[in-house]
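Engineer: after the sequence you'll find the predicted model.
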Amino acid sequence: MTVTGALVRKELGELRPWAILSLFLGLSELATQLLEQVDMLRTEATIGMLSSASGRLYWLIALAIGTGLGVREAEDGTLAFLDGLPVGRTRVYLVKCAVTCVLLAVGPLVSLGSIALLHELSHGSLDADLRADIVLGRFGLQLLVIVSGVTLGTAFGWLRSLTWLVLGVLTTGLSILIDQVPRAAVVSPFSLLKAPITSAPFRVDPEGLIVQLALAVLCGSAGWIAFLRAGKPSSTLDLRSRPVVSALVTVLTVMVATAAISLNASDAEDEGDAEPSGEPGEYEEPRFEEGPPSQTATKHYRFSYPAQHARAALDLASRADAIYERVHGLLAMPPTGSIDVDGSGSLENTDGTAYFGRVRISLASEVPEVVLAHETAHVIARRLAGDERAWLWRKAYVLDEGLATWVERHFAGSEQGDRSGGRLVLAALHSRGELLFEELVDPTRLAEVRDDNLKYPAGEAVIAAIIRLHGPDALPRLIRAFATPSLPVSLEGMELWQATFQLAGIDLGKVIDELFREVASDADERRAEIAALPRVRIRIVTNEHGAFGIQPIVEPAGAEAPGLVVRFKPEPGSSFDDYETWPATQGQPLWRGSDEVMNAQLCAQAGLTIPPDQTLYEPWVCLPTTAAETFPE
C-alpha cells in the first residue's frame, strides 16, 4: 500500500498542471454563467455546462496525456527504476490511468457542483426540479469520454512519431464514414453526448454505450500489453533518427490533423443545432415547486405569481380559460391539457417565454392576455411536435414564432391594423431585394445579418399562406410531421422545411410563391409609402477622450426620420437577450463605454419604428475601431 501511495504521489506531481487546467475549464464555465441574469437561469441552461463541446475538450486533453503515460517512462529512463520497486507493471499502469482520469474529472466535477449552486441561486417556481437524472447522466458520460481518451492514448502512444498521424487519419476516415453510414457514429466517443435536452427522462443509446465501453477495454488492454513489453527492441516504433522520413511524417501529420480538425469542427457545429441554443423557449420542461408564494387555478391553467402582482394575476386568470379555448379553436385542435403559468417575469427583452407545458410571463406587460395567447400557442405546437422531437420544431423557429404571432394577431382583434406594421416591413425589404427565404429558414444567419424579430411578421405571413392554400387543418398536420420517427434529426434549414412540408402533404414551393405574391402585392399597393421611407447608414466615431460611438446618418439628407433607433450587440453572434436598443437623433452619436467595445469593433444596426409595434432595421454592421472618424465636441 505504501508503494502504491508513492506511485499516486508521483503521478499527482507530474500531472498537476493538467489538473489545474481541468479546474480552470470548470471554473470558466461557471464564470460564463454568472455573467448572465442569474435569477432567471433555467436548469436547462446550466446543464449546458456539461455539454458536448466541453466533453470534446476533455477527451482531447485525456488523449494527449494518455499518449505519454507509458512512453514517457521508457524515454526518460524511469521504467527501470519502477521495475526495481516491489510492485508489478500492471499496478503501475492502472495507477497511472486512474490518477489521470481522476484529475481530469476535476473540471466536470466543478461543473456538476456549479449546476447545483446556480440552481439553488436561481431556481423559481418553474425550475424547482433539478433533473438529477439528466445532470448525473451527463456527468457520467463526460467521465466515460475521459476514460475513452486516456485508454486510446495509452494504446496509440507507443507509435511514437506516427501517433498523431495515425490518429488524424482515423479521425478523418471516421468522419467521412459517418457521413456515408450514419450508424457508424456509435464508434465516435462523442456520439453519446449528442442527445438534446428534453423533458423526457435521461436515456443513453445502449448500442453506443456498449461500443464505447468495448473500445475503452480494447484500447486499455492494448496499452497495458505495450507497457508490459516496454524496453524490448520489438516494442517500439521510432522514426526520429531518420531525418527525411521524420520530416515527411511531420508534414503529413500537419495535413491530416488540419483535415481532421476541420471535419470535427463541422461536425461539432452540426451537433450544436441539436443542443439548446439559448433562444427563449428552447429548453426542456421546467416544473413548479410545491407551495409557491401565491397561486390560483382555473380549468386549463395553474397560475403561480408574486404576491405584489395578485390583482393582475387574478384578473388574467378570470379570462384565461376563454383564451385557452379560443387559441385551440384557431389552431383546430382539441384541448391538449393544462398549462402552468409563472407570473414572476420573463427573460430580458421578452414579455413571455414558452416551455414544454409551461410558460413564464410578465404580468407587468401592457396586454398580458395577448402574451398568454402567444405563449399558449407555443405550448400547443410543441406538444403536437412530441416530447422528444419538439426541438426539431424549434429549429424551424420562424414557423414556431410565426404560428404564435398569427394566433396573437387574431386573438388581439383589429387584425389588419395590428399587422400593418409587420406587413410594411416585409414589403419594404422585398422592394429592396432584402427579403430572402434562404435567410428565413436559417435562424443563425437571420439574426446575424438582418433582424431576429423578422421571425414574427415573416413567420406569420408563411402561416397565413399555408392556411390560404390548404386551410387551418394543415397546421396540426405540419407540426405533427416534425414528430415523424423517420425524419433525420440532422436536417436543418431548407432541407428540414422541405422534408416536413412533404411529410405533411404541403407543397413548400407553392407556399413560398404565395408568400411572395402577397408581399409583392403589399409592396405595390404601398409603393409611395415605401419610397418615402429614408435609409439610415451608420458610421463609427471617436472623440478627444478616446470614447467610441455610432453616428446614424439619414439619407437622403434632410429627410425626416421619426422613431429612429440604434441597436447594439457585443459580438456578431451574440444572443437576442444581449441586445441594447436606444432612441437616436439624426447625426448625434450614441457613445459606448470602453467595456462595451468587444474585439476592437462595434456591432450595430439602425432602424425606423413603424407603428404599432414593428421596426424596419438596416442590416447589422460590425465596424472596427480603427476606422473611427473624429467627432467634434
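Structural biologist: Right, received. Where do you want to start?
Engineer: neighbours around Thr625, how many?
Structural biologist: The tally of other residues near Thr625 (other C-beta atoms under 10 Å) stands at 14. Where C-beta positions appear, they are placed from N, C-alpha and C, glycine not excepted.
Engineer: look up the closest residue to Ala520, ignoring the ones flanking it.
Structural biologist: His430 (6.3 Å; C-beta to C-beta, 6 or more residues apart in numbering).
Engineer: right, and that neighbour touches Ala523 too?
Structural biologist: Yes. With contact taken as C-beta atoms under 8 Å, His430 and Ala523 are classed as touching, separated by 5.1 Å.
Engineer: which of these two has more residues huddled nearby?
Structural biologist: Neighbours were counted for His430 and for Ala523 using other C-beta under 10 Å; Ala523 has more, 22 against 18.
Engineer: which residues touch the more buried one?
Structural biologist: Ala427, Ala428, His430, Ser431, Ile530 (C-beta atoms under 8 Å, 6 or more residues apart in numbering).
Engineer: tally up the residues packed near the closest residue to it other than its chain neighbours, please.
Structural biologist: Distances taken as C-beta to C-beta, 6+ apart place Ala427 nearest to Ala523, at 4.0 Å, with adjacent residues excluded. By other C-beta under 10 Å, the residues close to Ala427 number 24.
Engineer: how close does Ala427 sit to Phe437?
Structural biologist: Taking C-beta to C-beta, to the nearest Å as the measure, Ala427 falls 15 Å from Phe437.
Engineer: next up, the contacts around Val425.
Structural biologist: So Val425 contacts Leu454, Pro457, Ile610, Gln614, Thr615, Leu616 (C-beta under 8 Å, 6+ apart).
Engineer: name the helix or strand for Thr353, please.
Structural biologist: strand 352-354 (DSSP states H and E).
Engineer: ok, now Pro562?
Structural biologist: Using DSSP H and E, Pro562 falls within no helix or strand.
Engineer: repeat for Gly337
Structural biologist: Counting by DSSP H and E, Gly337 is found in no helix or strand.
Engineer: excluding sequence neighbours, find me the nearest residue to Glu571.
Structural biologist: Met598 (5.4 Å).
Engineer: now for the contacts of Val425: which two are most distant?
Structural biologist: The distance between the two most remote of these (C-beta to C-beta) is 12.8 Å, for Leu454 and Ile610.
Engineer: which of these two has more neighbours?
Structural biologist: Leu454 (22 against 19).
Engineer: need the pLDDT of the closest residue to that one other than its chain neighbours.
Structural biologist: In space, and not counting its chain neighbours, Leu454 is closest to Leu446: 6.3 Å by C-beta to C-beta, 6+ apart. The score at Leu446 is 89. That number is its pLDDT.
Engineer: let me see the contact set for Leu446.
Structural biologist: Neighbours of Leu446 in contact, by C-beta under 8 Å, 6+ apart: Val398, Glu439, Leu440, Asp452, Leu454, Lys455.
Engineer: just the closest of the residues you listed to Arg477, please.
Structural biologist: Val398 (18.2 Å).
Engineer: hang on, the closest one packs against Leu440?
Structural biologist: Yes. Counting by C-beta under 8 Å, Val398 touches Leu440, with 5.1 Å between them.
Engineer: joint contacts of the two?
Structural biologist: Counting by C-beta under 8 Å, 6+ apart, the residues touching both Val398 and Leu440 are Leu446, Lys455, Ala458, Gly459, Val462.
Engineer: now, among the residues you listed, which is nearest to Leu228?
Structural biologist: Leu446 (58.1 Å).
Engineer: the closest one belongs to a strand, doesn't it?
Structural biologist: No. The assignment for Leu446, made by DSSP: H, G, I helix; E, B strand; the rest coil, is helix rather than a strand.
Engineer: distance of it relative to Leu174?
Structural biologist: 33 Å.
Engineer: helix or strand right after the host helix or strand of Gly607?
Structural biologist: Here Gly607, judged by DSSP H and E, is contained in strand 601-610. For strand 601-610, the following helix or strand on the C-terminal side (DSSP H and E) is strand 614-617.
Engineer: skip ahead from that following strand and say which helix or strand is next.
Structural biologist: strand 621-624.
Engineer: just the CA atoms of that following strand, as PDB, please.
Structural biologist: Provided in PDB are the C-alpha atoms of strand 621-624 (Å, rounded to 0.1, in the frame of the first residue of the first chain):
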ATOM      1  CA  VAL A 621     -22.700  46.100 -39.400                       C
ATOM      2  CA  CYS A 622     -19.600  45.500 -37.200                       C
ATOM      3  CA  LEU A 623     -17.300  48.400 -37.600                       C
ATOM      4  CA  PRO A 624     -13.600  48.300 -36.500                       C
END
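Engineer: report the buried residues of that strand.
Structural biologist: Val621, Cys622, Leu623 (16 or more other C-beta atoms under 10 Å).
Engineer: now Glu401, what's its secondary structure?
Structural biologist: Classified using three-state DSSP, Glu401 is helix.
Engineer: my guess is it contacts Tyr456, does it?
Structural biologist: Yes. Using C-beta under 8 Å, Glu401 is in contact with Tyr456, at 5.6 Å.
Engineer: okay, these two: which has more neighbours?
Structural biologist: Glu401 (29 against 23).
Engineer: please name the nearest non-neighbouring residue to the more buried one.
Structural biologist: Distances taken as C-beta to C-beta, 6+ apart put Lys455 closest to Glu401, at 4.3 Å, once the chain neighbours are dropped.
Engineer: counting neighbours, what do you get for the one you found?
Structural biologist: That count, for Lys455 with other C-beta under 10 Å as the rule, works out to 24.
Engineer: kindly report the same for the one 10 residues further on.
Structural biologist: The local packing count at Ala465 equals 21, with neighbours defined by other C-beta under 10 Å.
Engineer: just to be sure, it is in a strand?
Structural biologist: No. Per three-state DSSP, Ala465 lies outside any strand segment and is helix.
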